[in-house]
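*Asks:* fold the following for me, if possible:
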Amino acid sequence: MSRSYFGTDGIRGKANSVITPDLALRVGQAAGLAFTRGDHRHRVVIGKDTRLSGYMIETALVAGFTSVGMDVLLLGPIPTPAVAMLTRSMRADLGVMISASHNPYEDNGIKLFGPDGYKLSDETEKEIESLIDAELGLKLARADALGRAKRVESVHARYIEFAKRTLPKLDLDGLRIVVDCANGAAYKVAPEALWELGAEVIAMGVEPDGFNINRDVGSTAPQALIQKVREMRADIGIALDGDADRVIVVDEKGQVVDGDQLMAVIAGSWQEEGLLSKPGIVATVMSNLGLERWLEGRGLSLARTAVGDRYVLEYMREHGYNLGGEQSGHIILSDHATTGDGLVAALQLLAVVRRSGKPVSELCRCFDPVPQILKNVRYKSGRPLENERVSTLIQASRERLGRTGRLVIRPSGTEPVIRVMAEGDDRDLVERVVDDICGAVAAAAA
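*Replies:* Numbering: from 1, shown residues only. Okay, here's the model as predicted:
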């Protein structure tokens, strides 16, 4: 029986411990064989973020893909959404992004995209997993059919033009923007795109050294951006994560604007312009109840999915929505992209800022968030959520919150952590509920 390699967002783990050259080579071979369909010359595009281990993993993937007869086009450091876009536009059979997103540099991962630019289905991932563990000797390419690899120039320019074309009439002249690229994959393209659109750009997090990706910068560490926005008296701050598929914003007062507020702004704008494909948006169970109430007040619905942008996107595709995302800043605009795109989402917000003439602090305060508390409980082994005392307490807590609150408890898809989130109009009650459940989970995991 094959092992399970894929998590909620590709294959991820410690570089050279979980994500080893041997694993990367076998992933290249397995994915290459799974997507070798027909007798044309097959090709795969590979992008990466700025982690030191990216060189090692990239080289091993190249060996794997070429050994099964696939040509490899190397894109270098570039955002995840750019890889998805270029997979389609370059008519590749497969796209690969080497990244662990917002994680520290010690981690890395392998994300795969099909020829349509979408993340792979569970069934395709299982097929690849079975091939990773299989003996592939007889399936490797003949000596005269091995693949070739080459680096592709101008991919940055192609992605910048793609991003700009999502709003062809956008003019940012006069706006002072601080952009934090997390020392990650967008360190070149994001400042350049904003500058080409006319903005005065102050760039930070644009000096990657292989080790500093996401370190005290980016969407998961906005304090440096807050300080820079205040120092430069900027109109807005934009923070991307390590692979630039998520974004958060800091307003001119230095206040953080999360993905829920960004989705509200875009939803309201698209509703007024008649651009929503359905009267509603898609978000996860973690999005704030305040967003749901605000949407209801505008006659819009909120469909909720499990946590993970892939689940949001799957629901959007199945039910015909064109706007969705996560509180963490994954904003999916399916009219333009097949995955979350931090830069393209930021441009949508900037377009509303430009049209309205309002300051970001006013524009991005669509609703007052309901008190929401999220705590993590780390465990070493076992299944603490199956403990009888824990399950009984969870059910009782749902009843305590009633109809004016919500409780979401889930294991992390990437680490041994139980996430406990509660929200409701009564902050004290919410805090008690979370603390009680965290205590019970910790005791069960001891």
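*Asks:* my read: N183 touches A221, true?
*Replies:* No: applying C-beta atoms under 8 Å as the test, N183 and A221 come out as separate, 10.9 Å apart. For every residue, glycine as well, the C-beta is placed using N, CA and C.
*Asks:* more neighbours: which of those two?
*Replies:* Neighbour count, other C-beta atoms under 10 Å: between N183 and A221, N183 has more, with 27 against 17.
*Asks:* can you tell me how far that one is from H156?
*Replies:* 17 Å (C-beta to C-beta, to the nearest Å).
*Asks:* repeat for I128
*Replies:* On the measure of C-beta to C-beta, I128 and H156 end up 29 Å apart.
*Asks:* out of these two, which sits in the busier spot?
*Replies:* Using other C-beta under 10 Å as the criterion, I128 and H156 rank with I128 on top: 23 against 19.
*Asks:* name the element that one belongs to?
*Replies:* helix 122-132 (DSSP states H and E).
*Asks:* partner strands of the next helix or strand after that helix, parallel or antiparallel?
*Replies:* Per DSSP H and E, the first helix or strand lying C-terminal to helix 122-132 is strand 149-151. With DSSP bridges as the test, strand 149-151 is paired with strand 71-77 (parallel).
*Asks:* relative to strand 71-77, how tilted is the next helix or strand after the strand it pairs with?
*Replies:* Going down the chain from strand 71-77, the next helix or strand is helix 80-89, by DSSP H and E. Angular relation of helix 80-89 and strand 71-77 on a 0 to 180 degree scale: 150 degrees, by axes from the mean of the first three to the mean of the last three C-alpha atoms, to 10 degrees.
*Asks:* before we move on, back to that, tell me the buried residues in the helix holding I128?
*Replies:* T124, E125, E127, I128, E129, L131, I132 (16 or more other C-beta atoms under 10 Å).
*Asks:* let's have the residues you listed in CSV, adding pLDDT and distance to D341.
*Replies:* Putting those into CSV (pLDDT from 0 to 100; distance: C-beta to C-beta, whole Å) gives the following:
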residue, pLDDT, distance to D341
T124, 96, 22
E125, 95, 22
E127, 95, 27
I128, 96, 25
E129, 96, 28
L131, 95, 30
I132, 95, 29
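*Asks:* out of these, flag the one nearest to L73.
*Replies:* Using C-beta to C-beta, I128 comes nearest to L73 of those, at 20.0 Å.
*Asks:* how near is that closest one to L33?
*Replies:* Distance from I128 to L33, by C-beta to C-beta: 9 Å.
*Asks:* repeat that for T166.
*Replies:* 35 Å.
*Asks:* and the pLDDT at W270?
*Replies:* Confidence at W270, expressed as pLDDT, is 98.
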